[in-house]
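Trainee: I would like to see how this sequence folds:
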Amino acid sequence: MQKSSVSYILKLSIPIFFANLAIPLVGIIDTALMGNLGNLSYLTATSIAANLFSMIFWSFGFLRMGTVGMVSQAMGQNNYQEILNIVLRNIFFVLIISVLIFVSQLFILSLSFKIFNLSELTKEFYTQYFKIRIYSAPGELTLYVITGLFVGLQKTKVSSLVVGFFSILNIFLSIILVSKFDLNIRGVAYGTLFSALVTSVIFLIYTFNYLSKFTTIKIDLSKLLNLEKMKEIFNINFDILIRTILLTFSFLWFTYLGTQIGEDYVGANAILINLVFLSAFILDAYAFSTEGMIGYSLGKKDLKLFKSIVKNSFILSSLTGFFISIIYFFINESVINLMSDIEEIRKLSLSYVIWLILLPFIASFCYQFDGIFIGSSQTKELRNAMIFSVSCYLLISIILTKYLFNTGVWISLCLFMILRGVSLFYYLNRIYKRF
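Mentor: Here you go, the predicted structure:
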């Protein structure tokens, strides 16, 4: 079977699809646990703190995305020694980044208080979550490297197992710690911390056992610290770092706009945005599987394969996005009612549900473009497209929120997704020139 066919893309995507379902379910379960405690401050604090950590950790998403492109291209050349070195270099980066995060935690906490307009009770809950969750950095960042490795190797069942195990363990621990031990917001923070550390240790052991089948596991410092390779990984990762910081900032900005309108809007938007994230992670299954295939086609210098992958992946992604939009049209009220027992928040969420319905299809195109550019390591273009999109988004959101309030917040987010897709389409020909 040709590796560009719809069926092959589906074969790679389905394991990622089910694993990716579990990622936003963590946020949905945490939101539901806090949203049913009868106090809006729990829901607001969890939403803002979780978004902050998403920005911090996702800013280092190059540990996954950069790994995919480099590993898939190395696999196209059958160079497993270099694949091992790529993993080791990125684990080294994880250790450095984690130490920097730990050292900076008081500064980050203080800065976030200045940015977000929180009540004293919300601030107290927010601090409790923050001081626990920050120590999950080594575990969560290591999982980025591991999943990037196996997506690059087109072993999506393994990468899906990693993500699924982490997410399901996280959900299980959060439910137990909140409902059985009455730890409230600390329970969801500890759930993430413990699950990240346990999962990273288990799958690091598995990773090195797997690679030992193809190459000798040894640390060769001359190859590991090769200046040309370090420069290459730095350039690729720096562009992705800038791109991902801007992307995660845009979602933090979305939350910030809600705080300027009122805490009840933060709570309502938190419910809806978690459902948006659910659709995003489902659609990312196609982007993830495409990354490895795109890198492989470049390593083989097969233009026909590349074009076929691009065409078929867009067909699958857009159709799935449309299907999710239809599902949200029918089930939105039931899901919202499950996620909060606060009647005011339920009504407010339902008044903006049209944006939840529209976003899966609108955003499906930019998600797929991300996969194509990450797999081809065209990171400069990813960076530039994101700079353009976020700059426009900030300007548009300030204007629309001033006149349309929370409706303006959601319209701006939709326009942001469209701008991401259009700006990457503009750069697509640069990939073709590499063949």
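Trainee: show me where the stretch 51-200 of the chain has its strands.
Mentor: Taking DSSP state E, counting those that start in this stretch as the criterion, the stretch 51-200 of the chain carries no strands.
Trainee: after the helix or strand hosting Tyr367, which helix or strand is next? Please name it.
Mentor: Using DSSP states H and E, Tyr367 sits in helix 353-375. Downstream of helix 353-375, the next assigned helix or strand under DSSP H and E is helix 379-404.
Trainee: the helix holding Tyr367 to helix 379-404, inter-axis angle?
Mentor: 170 degrees (axes from the mean of the first three to the mean of the last three CA atoms, to 10 degrees).
Trainee: put the alpha carbons of helix 353-375 into PDB.
Mentor: What follows is helix 353-375 as a C-alpha-only set of coordinates in PDB (Å, rounded to 0.1, in the frame of the first residue of the first chain):
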ATOM      1  CA  VAL A 353     -21.700  28.200  21.900                       C
ATOM      2  CA  ILE A 354     -21.900  29.200  18.200                       C
ATOM      3  CA  TRP A 355     -18.200  29.800  18.300                       C
ATOM      4  CA  LEU A 356     -17.500  26.300  19.700                       C
ATOM      5  CA  ILE A 357     -19.500  24.900  16.800                       C
ATOM      6  CA  LEU A 358     -17.700  26.900  14.100                       C
ATOM      7  CA  LEU A 359     -14.100  26.600  15.300                       C
ATOM      8  CA  PRO A 360     -13.400  22.900  14.600                       C
ATOM      9  CA  PHE A 361     -13.900  23.200  10.800                       C
ATOM     10  CA  ILE A 362     -12.300  26.700  10.600                       C
ATOM     11  CA  ALA A 363      -9.200  25.700  12.500                       C
ATOM     12  CA  SER A 364      -8.700  22.300  10.800                       C
ATOM     13  CA  PHE A 365      -6.600  23.900   8.000                       C
ATOM     14  CA  CYS A 366      -4.100  25.700  10.100                       C
ATOM     15  CA  TYR A 367      -3.500  22.600  12.200                       C
ATOM     16  CA  GLN A 368      -2.700  20.500   9.100                       C
ATOM     17  CA  PHE A 369      -0.400  23.200   7.800                       C
ATOM     18  CA  ASP A 370       1.500  23.100  11.100                       C
ATOM     19  CA  GLY A 371       2.100  19.300  10.600                       C
ATOM     20  CA  ILE A 372       3.400  19.900   7.100                       C
ATOM     21  CA  PHE A 373       5.900  22.600   8.000                       C
ATOM     22  CA  ILE A 374       7.000  20.900  11.200                       C
ATOM     23  CA  GLY A 375       7.700  17.600   9.300                       C
END
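Trainee: off-centre distance for that helix?
Mentor: Distance of helix 353-375 from the chain centroid (CA atoms, centre = their mean, to the nearest Å) equals 13 Å.
Trainee: likewise for stretch 270-282?
Mentor: Per CA atoms, centre = their mean, the centroid offset for stretch 270-282 relative to its chain is 11 Å.
Trainee: residues touching Val99, list them.
Mentor: Val99 makes no contacts at all, as judged by CB atoms under 8 Å, 6 or more residues apart in numbering. C-betas here are computed from N, CA, C, even on glycine.
Trainee: residues touching Asn90, list them.
Mentor: 63, 66-67, 145, 148, 233.
Trainee: any idea how far it lies from Thr379?
Mentor: 15 Å (CB to CB, to the nearest Å).
Trainee: state the helix or strand in which the spatially closest residue to Phe62 that is not a sequence neighbour lies.
Mentor: Leaving out its chain neighbours, the residue that sits closest to Phe62 by CB to CB, 6 or more residues apart in numbering is Ile240, at 3.6 Å. Element membership of Ile240, judged by DSSP H and E, is helix 227-261.
Trainee: ditto for Ala285
Mentor: Ala285 belongs to helix 263-300, assigned by DSSP H and E.
Trainee: what's the angle between that helix and helix 353-375?
Mentor: 30 degrees.
Trainee: which secondary structure elements does the helix or strand that helix 263-300 is followed by contact?
Mentor: Downstream of helix 263-300, the next assigned helix or strand under DSSP H and E is helix 303-339. Other elements packing on helix 303-339 under the criterion 3 or more CB pairs under 8 Å, 6 or more residues apart in numbering; DSSP states H and E are helix 6-35, helix 263-300, helix 343-350, helix 353-375, helix 429-432.
Trainee: fine, thanks again, bye for now.
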